[in-house]
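**Student:** Got a sequence here, can you build the structure:
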Amino acid sequence: MNKEGSLPVSLMYEAMDQMQQGVLVIKVTQVQSKIVFVNKAYTRVTGYSKDELLDKPTTYLRKHIAHGKVVAQINHAVNDGQDTEVITPSYSRDGDKYWMRITIHPVVDIGHSDRFLIFWCTMTLAKSLIIESPMYVDISYWKSAIENLKNKSFMTP
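**Tutor:** Below you'll find the model as predicted:
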């Protein structure tokens, strides 16, 4: 530990590299945003090597996110230096579709953030268990039931 009691950057990167969850670190400048760190779990899920990702602009990641609204939400959070979390389908290098939860946290240093931690957690198994489970009930059934109840005289709008 250094004199302020924080871990050296190299030790933090080593710890993040060992995580089971995908981790990216991006650096944002006025000119561009680029990937400065990617861990083993991220490369395993996406099929890209560290060499293919490091120092690439973050626009490189956009082609893997299926929805433009998600990209807009992420851009807004990064531009405002805010946390955000989204769940979206994504695509690996080989074109395989999977669900992921992206959580973004700014790394604040003296009131300013130029780096963001991005946690990339696959949810394909959880998503398929929920949707394909025999206990899964289509939400449209419940929406219809609620609408029918609203139309009854004992319900107030």
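
**Student:** can you pull out the helices in the chain?
**Tutor:** 9-17, 40-46, 50-53, 59-62, 68-80, 124-132, 139-150 (DSSP state H).

**Student:** Lowest average pLDDT across those helices?
**Tutor:** The minimum mean pLDDT among those belongs to helix 124-132 (a mean of 52).

**Student:** Just the CA coordinates for the longest strand belonging to the chain, please, in CSV.
**Tutor:** Longest strand in the chain, counting residues (DSSP state E): strand 97-109. Provided in CSV are the C-alpha atoms of strand 97-109 (Å, rounded to 0.1, in the frame of the first residue of the first chain):
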residue,chain,number,x,y,z
LYS,A,97,-25.9,-13.9,-29.0
TYR,A,98,-25.8,-13.7,-25.2
TRP,A,99,-27.5,-11.5,-22.6
MET,A,100,-25.3,-9.3,-20.4
ARG,A,101,-25.6,-6.9,-17.6
ILE,A,102,-23.2,-3.9,-18.0
THR,A,103,-22.5,-1.9,-14.9
ILE,A,104,-20.4,1.3,-15.3
HIS,A,105,-18.7,3.2,-12.5
PRO,A,106,-16.7,6.4,-12.9
VAL,A,107,-13.3,6.4,-11.2
VAL,A,108,-13.3,9.8,-9.5
ASP,A,109,-9.9,11.5,-8.8
